[in-house]
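*Asks:* Show me how the following folds:
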Amino acid sequence: MNKEINHAKQWVLKNTRLREQLTNENKAYYEKLLLYIRTAGIFYEEEEVEQLLYAILSDIVMAQENNETAVDYFEENPKEMANLIILRLEKPKFKKKLTIAGNIFLISSFFYLIGNFSMAKVNFNPILFFLQGILSFIVVYFTFSTSIKKCIQMIFQLKKVC
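*Replies:* Down below sits the predicted model:
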């Protein structure tokens, strides 16, 4: 796991160095693309996402050297381009989804247990305990998914105004 994180960090550093070569127009395009891909791709492997971003950056730099803008090169707006890119990513592994679900379940269960054991009369129901953990995962998952989509829409709308 640490090895994967280190590889991903190395890709982030490479991306940061390469991004410095972009013109302001291309940098604005890439940053919109970057924001959308990183937030929408939260369940995907970080290293794979960063490698893909590096490839995109390399393409933009190459296009820039040929006096082409990122918009001309990709012929898409950043959001549409990001959607196409995300579809190409390998689907999140079950293990990663399970880890995220497990963490949400554990946090929810912790608060449920604290609440139950802090009362004068302990009333522990294992079925209710399990159902509450599942319900909290569902609520967090849909809230998170909806929030990301809304935030991205707002950011893109603000960028249009600026």
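*Asks:* so S109 touches F129, yeah?
*Replies:* Yes - with contact defined as CB atoms under 8 Å, S109 counts as touching F129 (6.6 Å). Where you see a C-beta, it was placed from the backbone N, CA and C, and this is true even at glycine.
*Asks:* Flag the shaky bits of the chain, pLDDT-wise.
*Replies:* Filtered on pLDDT under 70, the chain yields the residue ranges 1-5, 41-43, 144-145, 147-162.
*Asks:* now do 90
*Replies:* For the chain, the stretches with pLDDT under 90 are 1-57, 59-60, 63, 68-162.
*Asks:* got the contact list for S109?
*Replies:* 129, 132-133 (CB atoms under 8 Å, 6 or more residues apart in numbering).
*Asks:* Now name the helix or strand holding it.
*Replies:* Element membership of S109 [criterion: DSSP states H and E] is helix 94-117.
*Asks:* Please state the offset of that helix from the chain centre?
*Replies:* Distance of helix 94-117 from the chain centroid (CA atoms, centre = their mean, to the nearest Å) equals 21 Å.
*Asks:* which of the residues in it are buried?
*Replies:* Buried residues in helix 94-117, counted by 16 or more other CB atoms under 10 Å: 100-101, 104-105, 108, 112.
*Asks:* Dump the residues you listed into CSV; add distance to V122 as well.
*Replies:* Listed next are these as CSV, based on distance: CB to CB, whole Å:
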residue, distance to V122
I100, 30
A101, 27
I104, 24
F105, 21
S108, 19
Y112, 12
